[in-house]
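S.K.: Requesting a structural model of the entry that follows:
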Amino acid sequence: MPKIKVIIPAYNEQDSIASVIKDIPEIVDEVIVVNNNSTDHTVINAKRAGATVLTENNKGYGYACLKGMDYIAKQTQKPDIIVFLDGDYSDYPEELTKVVAPILNDNIDFVIGSRVKRLREGGSMTPQQVFGNWLATFLMSLFFGAKFTDLGPFRAIKYNKLLGLKMEDKTYGWTVEMQLKAIKQKLTYIEVPVRYKQRIGVSKVSGTVKGTIFAGFKILGWIFKYSFKK
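M.R.: Reported below is the predicted structural model:
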């Protein structure tokens, strides 16, 4: 079996993190939770659920993801596939097998778990999230001919391809940076429809005005940066 590792950035997800870890299929070799400055019992609950727990004190989704990647880079045996998953239990971790299937069966490089409307629980995405996803994917289609419909955080990518992207965003632009670089490097990619439900707790991005505005600027910034980059 290919070696699969999961990276879960987590900031104050004490009420959800154990459920997320518990529902991850057994085909996963290691679950890595990156504690991103939590002030609750996220660390304790993640350890009790069986995850490897790292700490990244610099706040930011990208910081946490990069911490997980740095940890994996120092391991002797490298994985074949990396899966990124949120710690708020809005995704269905058991669908990981569906998300990695195109890589395992069809040799696809990169897979996005797309939160399609028909599979979304009512109220699970805020209006600003829905609009932001539409705008970002529309611009990627306009400028690059991309076929993305979502910036969903539930995603899988071949480890060697992930390294080749040379990821750098430290905060909210992480997901769109990955998609833009995948397009630029001509990776093969596909979207897989996944279910999506209301998260446990309050979103640190869409749940605040500041987070929503900052995320919007970061996402659009990456798109326009790449649209003018040769």
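S.K.: Give the closest residue to the one residue sitting closest to the centre of the chain in space, chain neighbours not counted.
M.R.: The central residue of the chain, meaning the one whose C-alpha is nearest the mean C-alpha position (CA atoms, centre = their mean), is P153 at 3.0 Å. Nearest in space to P153, with sequence neighbours left out and distances taken as CB to CB, 6 or more residues apart in numbering, is D86 at 5.0 Å. Glycine gets a C-beta too; all of them are placed from N, C-alpha and C.
S.K.: Dump the strand or helix carrying K5 to CSV, keeping only the CA atoms.
M.R.: Secondary structure here is read from DSSP states H and E; on that basis K5 sits in strand 4-10. C-alpha atoms of strand 4-10 as CSV (Å, rounded to 0.1, in the frame of the first residue of the first chain):
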residue,chain,number,x,y,z
ILE,A,4,-0.3,8.2,3.2
LYS,A,5,0.1,10.9,5.8
VAL,A,6,-2.5,13.5,6.9
ILE,A,7,-1.7,17.0,8.0
ILE,A,8,-4.4,18.8,10.1
PRO,A,9,-3.8,22.4,11.1
ALA,A,10,-5.6,23.1,14.4
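S.K.: Show me how far it is from its chain's centre.
M.R.: Averaging C-alpha coordinates over strand 4-10 and over its chain gives two centres that are 9 Å apart (CA atoms, centre = their mean, to the nearest Å).
S.K.: continuing past that strand, what's the next helix or strand?
M.R.: Proceeding C-terminally, strand 4-10 gives way to helix 17-22 as the next helix or strand, assigned by DSSP H and E.
S.K.: For that following helix, buried residues please.
M.R.: 17-21 (16 or more other CB atoms under 10 Å).
S.K.: which residues sit in contact with P2?
M.R.: 79-81, 104 (CB atoms under 8 Å, 6 or more residues apart in numbering).
S.K.: same check, this time on E95
M.R.: Residues in contact with E95 (CB under 8 Å, 6+ apart) are 113, 154, 194-195.
S.K.: Can you add distance to Y226 and secondary structure and give those residues back as CSV?
M.R.: Written out in CSV, the entries for the contacts of E95 read as follows (distance: CB to CB, whole Å; DSSP: H, G, I helix; E, B strand; the rest coil):
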residue, distance to Y226, secondary structure
G113, 23, strand
F154, 23, coil
V194, 26, coil
R195, 30, coil
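S.K.: if we take these, which one ends up nearest to L187?
M.R.: Using CB to CB, G113 comes nearest to L187 of those, at 16.4 Å.
S.K.: how many neighbours does the residue nearest to the closest one when sequence neighbours are not counted have?
M.R.: When the adjacent residues along the chain are set aside, G113 lies closest to F154, with 3.5 Å between them (CB to CB, 6+ apart). A count of nearby residues for F154, using other CB atoms under 10 Å, gives 25.
S.K.: Same check on I81?
M.R.: If you count neighbours by other CB under 10 Å, I81 ends up with 24.
S.K.: for the closest residue to it other than its chain neighbours, what are its contacts?
M.R.: Leaving aside its sequence neighbours, I81 sits nearest to I4 (CB to CB, 6+ apart; 4.6 Å). Applying CB under 8 Å, 6+ apart, one finds that I4 lies in contact with 27-29, 79-83, 100.
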